[in-house]
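J.: missing the sequence, but the structure's below:
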């Protein structure tokens, strides 16, 4: 019940007051964040780049073989007709 009353009081506050309250909450939460260090950022970036490259190679190989199989099927039926 108390939260509902407080929520209604907040809704009646002017927009600048509500925006300021929201930004204060955001700043309070940002002070609690543990930011990664340079080494951790570098390591995770390398992992992401390697993973993206590996998936690109994988999908390129799969695409090549599927295109090859499609051409084989089309050429087989085109000659039969």
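T.: Great, that's in hand. Just so we're clear, the structure is a prediction, and the values are computed from it rather than from any experiment.

J.: and the residue nearest the centre of the chain, how far is that from residue 42?
T.: Centroid check for the chain by CA atoms, centre = their mean gives residue 48 as the closest residue, at 12.5 Å. Note on residue 48: its distance to residue 42, by CB to CB, to the nearest Å, is 11 Å. In short, each C-beta sits where N, CA and C put it, glycine included.

J.: going by contacts, tell me the helices and strands next to the strand or helix carrying residue 39.
T.: Element membership for residue 39 (DSSP states H and E) is helix 38-80. The contact analysis (3 or more CB pairs under 8 Å, 6 or more residues apart in numbering; DSSP states H and E) places helix 38-80 against no helix or strand.

J.: distance between that helix and the chain's centre?
T.: 21 Å (CA atoms, centre = their mean, to the nearest Å).

J.: next one: stretch 24-35
T.: 21 Å.

J.: what's the answer for stretch 12-31, then?
T.: Counting by CA atoms, centre = their mean, stretch 12-31 comes out at 26 Å from the chain centroid.

J.: mean confidence (pLDDT) on it, please.
T.: For stretch 12-31, the mean per-residue pLDDT is 93.

J.: repeat for stretch 40-53
T.: Stretch 40-53 carries an average pLDDT of 98.

J.: report the contact partners of residue 60.
T.: Listed by CB atoms under 8 Å, 6 or more residues apart in numbering, residue 60 has no contact partners.

J.: how close does it get to residue 48?
T.: Distance, residue 60 to residue 48, by CB to CB: 18 Å.

J.: now do residue 67
T.: Applying CB to CB, the value for residue 67 to residue 48 is 28 Å.
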